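J.: my questions concern the predicted model and sequence given below.
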Amino acid sequence: MPRFVSVGECMVEMSEDGSGLYRLGYAGDTLNTAWYARARLPQDWDVDYVTALGDDLYSQQMVEFMADAGIGTGHIQKVEGRRPGLYLIHQEAGDRHFTYWRGQSAARLMAETPGALQQAVAGADVVYFSGISLAILPPRGRGKLIEAIHLARQAGARVAFDPNERPALWTSPRVMCSTIAAAAIVADVVLPTFPDEAAVFGDASPQAVAERYLSWGAEEVVVKNGGEPAYVASREAAGWVAPKPGAVSVDPTGAGDSFNGAYLAARAQGVAPLEAAAMAHATAAIVIGHRGALVPHTLLD
């Protein structure tokens, strides 16, 4: 069976339900993308999540939650004495605000077991990871993850990368930028977000973002820009894809991740890039109409 593999960190999510109370869930950028890829891929595809979790109640519930959604958990490592990270989301002035507790996260240790990451991505058809996947790891761990993904690519995997810059997770802007560049070099598809790229790299436009990643070796770049048109570029062609008007935003959490998952699922099935971006916008439009990062698959039809 063809296989989609996503590598990163899953956390406990506490999100406001609109009444001042908080709802417990499980999410994280790379899990969110796997969630929406699972929803948009045929059942003859396997979708696996690769991370490390603890030996506590919430870690076990996370594993069960993923399995119930059809996401493979066979490559989730268990680290005794560790816990998953946690974050709270609150809405203020029409925007999301995040507060994180992730210093004890077991995912920071997922590169410590020799060969575990290489084994997890071996034989994959698509491998997806993000700048956050790298940021949470120690320097040697980042190298191990990039090496494992490079080997999977040499064996035939198509590699997708979302830079997802979060400066607070990095020791310095220089380390962040150099690591993202190293990761982009091993990627076939890069899925950046324009405001993030402009803030970190100084790009003046989505076209400039795409040109930079293409110059670093990517074959295909999709520059997301919130509710604005996405810019899709390859070495042969480029174009803009606007979302359909009329979407109502209740909570934009996970919108970009859902775009990534739907886009990669469409491309894996042979859909052309511009059409895949339109399908990805359609999925994101559903997601922003619900609270929390993960919308039940039954609501995505």
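T.: Yep, it's here.
J.: how close does Ser249 get to Phe129?
T.: Distance of Ser249 to Phe129, computed by Cβ to Cβ, to the nearest Å: 27 Å. (C-beta placed from N, C-alpha, C; glycine too.)
J.: one more: Leu53?
T.: Computed as Cβ to Cβ, the Leu53 to Phe129 distance reads 17 Å.
J.: picking up where we left off before, quick one: which of Ser249 and Phe129 has more around it?
T.: Phe129 (28 against 13; other Cβ atoms under 10 Å).
J.: quick one, phi/psi of Ser19?
T.: Per-residue torsions, Ser19: phi -110, psi 10 (degrees, to the nearest 10).
J.: what sits closest to Gly28 if chain neighbours are left out?
T.: Cys10 (4.4 Å; Cβ to Cβ, 6 or more residues apart in numbering).
J.: the one you found - how many residues pack around it?
T.: By the criterion of other Cβ under 10 Å, Cys10 has 29 neighbours.
J.: ranges for the helices of the stretch 51-200 of the chain?
T.: 57-68, 116-121, 131-135, 139-154, 173-185, 194-201 (DSSP state H, counting those that start in this stretch).
J.: restrict the longest one to CA atoms and write it as CSV.
T.: So that's helix 139-154. The C-alpha trace of helix 139-154 is given here as CSV (Å, rounded to 0.1, in the frame of the first residue of the first chain):
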residue,chain,number,x,y,z
PRO,A,139,21.2,20.2,17.0
ARG,A,140,22.3,16.5,16.6
GLY,A,141,18.7,15.4,16.4
ARG,A,142,18.0,17.9,13.7
GLY,A,143,20.8,16.4,11.6
LYS,A,144,19.5,12.9,12.2
LEU,A,145,16.0,13.8,11.1
ILE,A,146,17.2,15.6,7.9
GLU,A,147,19.5,12.6,7.1
ALA,A,148,16.7,10.1,7.6
ILE,A,149,14.5,12.1,5.3
HIS,A,150,17.3,12.5,2.7
LEU,A,151,17.7,8.7,2.7
ALA,A,152,14.0,8.2,2.2
ARG,A,153,14.1,10.6,-0.7
GLN,A,154,17.0,8.8,-2.3
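J.: the residue nearest to Gly28 reaches Ser105, doesn't it?
T.: No - Cys10 lies out of contact with Ser105 (Cβ atoms under 8 Å); the separation is 9.3 Å.
J.: overlap in contacts of those two?
T.: Pro84 (Cβ atoms under 8 Å, 6 or more residues apart in numbering).
J.: so where's this protein uncertain?
T.: Within the chain, the stretches with pLDDT under 70 are 91-96.
J.: give me phi/psi at the closest residue to Ala106 other than its chain neighbours?
T.: With sequence-adjacent residues excluded and distances taken as Cβ to Cβ, 6+ apart, Ala106 is closest to Arg82, at 3.6 Å. For Arg82, the backbone dihedrals (degrees, to the nearest 10) come out as phi -100, psi 170.
J.: same check on Val241?
T.: Backbone torsions of Val241, given as degrees, to the nearest 10, read phi -130, psi 110.
J.: got the contact list for it?
T.: Contacts for Val241 (Cβ under 8 Å, 6+ apart) come out as 229-230, 232, 274, 277-278, 281.
J.: please narrow those to those residing in helices.
T.: Secondary structure from DSSP state H places 274, 277-278, 281 of the contacts of Val241 in helices.
J.: between these, which is nearest Val5?
T.: For the ones in helices among the contacts of Val241, the residue nearest Val5 by Cβ to Cβ is Ala277; the value is 22.3 Å.
J.: what separates the residue lying closest to that closest one once chain neighbours are set aside from Arg108, distance-wise?
T.: For Ala277, ignoring the flanking residues on the chain, the nearest one in space by Cβ to Cβ, 6+ apart is Val241 at 3.9 Å. Distance of Val241 to Arg108, computed by Cβ to Cβ: 36 Å.
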